[in-house]
Each structure stands twice: as structure tokens, then as C-alpha cells.
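Peer 1: Next input, structure requested:
(chains A, B and C)
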Amino acid sequence: MHEDAPTMSVAQSLPASTSQAKSEIVTEVPPVDYELNTVELKPSQTIEMELKLAYVNPSSGAGGEPGAYLPAAGTVCDQTDTKDVIEELCPVCGDKVSGYHYGLLTCESCKGFFKRTVQNKKVYTCVAERACHIDKTQRKRCPFCRFQKCLDVGMKLEAVRADRMRGGRNKFGPMYKRDRARKLQMMRQRQIAVQTLRGSLGDSGLVLGFASPYAAVPVKQEIQIPQVSSLTSSPESSPGPALLGAQPQPPQPPPPPAHDKWEAHSPHSASPGAFAFDAPATAAATPSSTAEPTSTESLRVSPMIREFVQTIDDREWQNSLFGLLQSQTYNQCEVDLFELMCKVLDQNLFSQVDWARNTVFFKYLKVDDQMKLLQHSWSDMLVLDHLHQRMHNGLPDETTLHNGQKFDLLCLGLLGVPSLADHFNELQNKLAELKFDVPDYICVKFLLLLNPEVRGIVNVKCVRDGYQTALLDYTLSCYPTIQDKFGKLVMVVPEIHALAARGEEHLYQRHCAGQAPTQTLLMEMLHAKRKPNGGEMVNRNAEHTSTLDRLS
DNA sequence: TGTCAAGGCCAA
DNA sequence: TTGGCCTTGACA
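Peer 2: Residues are numbered from 1 along each chain as shown, chains lettered A, B, ... in the order given. Take a look at the predicted model:
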């Protein structure tokens, strides 16, 4: 073993990034904190797995081996007249997936490897440069890089049980289920697209047409893990920031009176039908404000607005944020705070894209059009989201990381530009005066997303007008005492845009100076807008597989 | 009662 | 040490 060779141990889990993993050698492996209340959805740990839609000979038995992962046959195969079978590849080595293991779909060998490594607290060494290629044939060569890749793709240390208890289930179950549902939904959407293609191309083009563009359709596998402990001893709900480790929480503004009502009916935590629109979250408003909509007034709120609100999930937003902050600093003495901020923004961006792609109208757009709109609005929406989180969910200015470092949460809303703080606060105060609430937020978000200046997209302006009308109706019916609330809200849009543009520029410059992580969706977005066609061209020429493309 | 993701076993 | 298969047990 080379003395200088980097080693990999369980204790070094979740480094800042694969390529920038700290070279610190850990000789003593502390026990894994099995009680970590971790929520993770960081892009670096988001598995982009190739979900192959392949024509398979029925007799080949693909995926039919014992334990092989297959979605419920009835839900997929009955949707197609070909014998389409999902065949997933292990995100670590590319071998065939055997099921969900330690947080995501992996093959049997990587499952075993990960288990042994964690259980036995192995410390590996890479004799090269910690960048060994891991695939099915070479996975044995470098356990250091293999384990690193396991962590990078999102395998969870916490899922390896401290007590080695067999059987049973843990908190991952619902996440796996949701992930499956998402995959199946995407499968169906693709099948519909394929069928449409069939219709237009005719049967002669069927097989080739099907195999070619869809042969290796990448699907982002997202699993958010609320928390995991050994088996079922965990609390029911996902942890809030306060539960994340023993980190002292800075003083937080008191949550708005109605906050829980929004949160409790988060679309992902309760059935949409459970959503009650009887008390909009008016964090910005004083509880005694007469401008708040009453229950009676809120009955006039359009179903469209209610549906808008159901598209957001604030609890997951904060859980993901604090989960990422925690995981990135787990066993790290010190992390680069700017780099960490970029990772958080990147994660937010993934959520942003995911949200947009599941919203009415937007999801029916062509992928290219979706990209155009997202490329023009992502930073605006990040700023708006941050305003929303501060105003409606009590997001503090700062938090203490797992390793004791202070992380400036406000900088997320400023996209890393401290000098924008005053402008940002002014904006927040202005919104507070307008009693900016959650329905306002979601409407404004749609207004940002559906930017009519992005040319060549059919119906965007028309749909945007519809959202604008919904906002107008809402403000008139629920906030009649606030003079021209609608007009003032609309005027906020360019202000957000200006702030976001400054942030974008700053991020781009830092990126060009080599200070920001590369190969991220964030950087791809930054580059997309600066292309000759200013984001109106899809990023098809990138040498690497574009994240945006992969998202599509 | 079936499912499936944990841990365990053992031949290679 | 690896990886395929087996056993276990909570949950739907």
C-alpha cells in the first residue's frame, strides 16, 4: 500500500465531491450514526439510471431471474403491445439491478460490497488518483473508488443496520414506492410518445424508431429519504432542521399562524383531497390584519389556485436543504462554503425542474420548450423560492453545519452575492406589505416560469395570461383592501429578475474562475443562457451528456 | 399472506 | 474478497 495513497473508509463518506474528496486519511473509523435524520436529494447523489426500453424476446426471460427487479408487470406490460420490459442498470457498475438496496436500485454485488464495507468498517486505498472507472468488469479493481461511487450515486450508510437485525422494513419503503411510481409514470408518458410516433411514422418505422431514440432513456431516480434508523424506531415524520444532528439552531422568526395548514397539506404528504383552503398562509400579514381572506372569502378562490398550491412541498424543500448541508459536512472538518452553496443551489434547481415538469401545461410542452423556459427562469424562481421560504416557512438567515461551520442561508437567495442583501430585504419588505401569501407565491412563480419573452413556444402567453387572471381574481377577492395588490405583485417580477440576473452573473464569473463545481445542472443552466442562441437552442452539442438532456 | 429489502451464508 | 442465493420479518 502506498503511504500517500488515498484511503477510503466509511468515515469519509459523503465527501464534497468525488473529484474533490478530501485527502485526509482516516485511520479510526467512527461508528456510523444510525440515528441520523437525513434527508437527501443532492444532485451528486441523484441517480441517473438508464432505464432501457428494449424490445425483448419473450422467451429471453430478461428480468425474470429470482429477485430481479421488475415493476409490476400489469402496470407496464399491459400498456403496450410489444413485450417491453424495463431493464435497469446499477448506477455504480452497470450490472443488472436486483432491487432497491440501501436507498436506490443497485445490483446484488454492489449491495453486498456496500454492506460489507459499512458493516466491517473497511478502509480502502486507491493506488491511482481516486478516479478509477467502475464498471461490471472492473469493479473489483479498486474498492476505494467503488465505495466512493456507491456514496456518490446515493447509497445510504444509514440503511446498513447497526444491530444487524434481519428482515423487516424501514423508512425507505415509501420512498422506494414513490420512486417506482415515478418511473412507471415516466414509462407511460414515454409509451404514449412512442405510440404517437408510431401513429405518425407508421408500423414500418416502429421497431427502429422505438429502439433508437428510446433505447437508453435516462431517468433521474430520485429518492428522498426522510430519515433512517435501524428498522422502525424512527419518528414518523421527516425531521425538521432542528432534528438534524445536534447543531444549534439560530433564532428563527416565529412561523406564521397559518403556516402549518399549508405545510400539513403538502401535496406529497397528504392526499390532495385533504388540502384545505380555509386559511391561506399569510406569514407576511399580521395575524390581526383585516386584509386576510376569511374562510368565507377563500371559498371564492378558484380551484386552479388550489391546485397551484398543491404543487409545492415546502417541507421537502427544507428537509432537502438541511439534509444536504448535513450530509456534505458529515465527517468533514471544513468545507468550502461557496462550493456548498452551489451544491445547494444545484439541488434546488433539480427540485425546480422536477416541480415544473409536473405542473399543468408545462408538462405537456415539448422538452425543448421546457428547457427554454427553464433556462430563462431558473434563477428568478430560485430567488422567489427563497423569499417564500423566508416569509412563509421561517427560513433563518444562517445555520450551523454539522462540523460547526456557519452557513449563510440568505446567500442562497442572493445567489452568492452578499451586496444584494439590501435589495433582497427591500423586496421581502415590499412583499410583506402586500401580504404576499402562498397562492401569490405560486402564481408569481408561474409568471416567472412562463416567460412570454421566450419565443417560439405556442400558447405560453395565453396560458400565462390565464395564471395572471387567476392571480388577479385571487387578490381582488381575498385582499380587497390592499390597493392594486395584483399590479404591485406583477411589478415585483422584473425586480426579482434583475436581482437574479446579478446573481447569475456572479455565479458565472466564479465558475469561470474555477471556483464552482463543474458538471452540475446549475453550471449547465448558466452556460445555456450564454450560448449564441441565448438558451433558445437546446444543449445538444455538449460533449458530455447534458444534465438537461438527461432530465428529459 | 405475499412482498421485498434487510442480513447471512458459502462456493468460487 | 466477491457475488449469487437464502432467510428473515415488518408492512400492506
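Peer 1: Give me the distance between the two termini of stretch A:144-163.
Peer 2: Taking CA to CA, to the nearest Å as the measure, stretch A:144-163 stretches 25 Å from start to finish.
Peer 1: For it, buried residues please.
Peer 2: For stretch A:144-163, a neighbour-count test (16 or more other CB atoms under 10 Å) marks A:144-162 as buried. No exception for glycine: its C-beta is placed from N, CA and C like everyone else's.
Peer 1: Then stretch A:402-412?
Peer 2: A:402-403, A:405, A:407-412.
Peer 1: Do me a favour and average the pLDDT over that stretch.
Peer 2: Per-region confidence: stretch A:402-412 scores 87 on mean pLDDT.
Peer 1: Run through the residues of chain A sitting next to DNA strand B.
Peer 2: By CB under 7 Å from any atom of the strand, the residues of chain A that approach DNA strand B are A:69, A:72, A:99-103, A:112, A:115, A:119, A:159-161, A:164-170, A:172-173, A:176.
Peer 1: Chain A: strands as residue ranges?
Peer 2: A:7-9, A:47-55, A:84-88, A:97-101, A:104-107, A:123-125, A:217-221, A:398-400, A:406-408 (DSSP state E).
Peer 1: Mind checking which of the buried residues of stretch A:402-412 are in helices?
Peer 2: Counted as lying in helices by DSSP state H, out of those, are A:410-412.
Peer 1: if I look at the residue in chain A that DNA strand C sits nearest to, how far off is A:Lys177?
Peer 2: In chain A, no residue comes nearer to DNA strand C than A:Gly167, which is 2.0 Å away by CB to the nearest atom of the strand. Relative to A:Lys177, A:Gly167 is positioned 18 Å away (CB to CB, to the nearest Å).
Peer 1: tell me the contacts of the nearest residue to A:Leu471 once chain neighbours are set aside?
Peer 2: Sequence neighbours aside, A:Cys443 is the residue nearest to A:Leu471 in space, at 3.8 Å (criterion: CB to CB, 6 or more residues apart in numbering). A:Cys443 is in contact with A:305, A:308, A:467-468, A:470-471, A:474, A:489, counting by CB atoms under 8 Å, 6 or more residues apart in numbering.
Peer 1: Tabulate these in TSV, adding columns for neighbour count and pLDDT.
Peer 2: As requested, those are exported to TSV (neighbours: other CB atoms under 10 Å; pLDDT from 0 to 100):
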residue	neighbour count	pLDDT
A:Ile305	24	73
A:Phe308	23	72
A:Tyr467	22	83
A:Gln468	19	85
A:Ala470	21	84
A:Leu471	24	86
A:Tyr474	25	85
A:Leu489	23	92
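Peer 1: Of those, which is the nearest to A:Glu108?
Peer 2: The nearest member of the contacts of A:Cys443 to A:Glu108, counting by CB to CB, is A:Phe308 at 43.6 Å.
Peer 1: List the residues that contact A:Leu420.
Peer 2: Counting by CB under 8 Å, 6+ apart, A:Leu420 touches A:414, A:499, A:502-503.
Peer 1: so what pLDDT did it get?
Peer 2: Value for A:Leu420, per-residue pLDDT: 90.
Peer 1: With A:Val490 as the reference, measure out to it.
Peer 2: Taking CB to CB, one finds A:Leu420 at 21 Å from A:Val490.
Peer 1: what's the answer for A:Val309, then?
Peer 2: In terms of CB to CB, A:Val309 sits 19 Å off from A:Val490.
Peer 1: Please apply the same query to A:Ile312.
Peer 2: Distance from A:Ile312 to A:Val490, counting by CB to CB: 20 Å.
Peer 1: quick one: A:Gly466 from DNA strand B, how far?
Peer 2: 41 Å (CB to the nearest atom of the strand, to the nearest Å).
Peer 1: Check what pLDDT that residue gets.
Peer 2: 82.
Peer 1: try A:Ala356
Peer 2: Taking A:Ala356 on its own, its pLDDT is 85.
Peer 1: Equivalent analysis for A:Gln45, please.
Peer 2: Looking at A:Gln45, its pLDDT reads 35.
Peer 1: same question, A:His388
Peer 2: pLDDT, A:His388: 94.
Peer 1: If you tally nearby residues, what's the number for it?
Peer 2: For A:His388, the neighbour count with other CB atoms under 10 Å is 27.
Peer 1: residues in contact with it?
Peer 2: Shown in contact with A:His388 (CB under 8 Å, 6+ apart): A:314, A:438, A:441.
Peer 1: Could you single out the nearest of these to A:Asn393?
Peer 2: A:Asn393 lies nearest to A:Asp314 out of these, by CB to CB, at 5.1 Å.
Peer 1: rewinding a little: least reliable of the strands of chain A going by mean pLDDT?
Peer 2: Among these, strand A:47-55 has the lowest mean pLDDT, at a mean of 30.
Peer 1: For A:Met165, grab the count of nearby residues.
Peer 2: Here the number of neighbours of A:Met165 (other CB under 10 Å) works out to 9.
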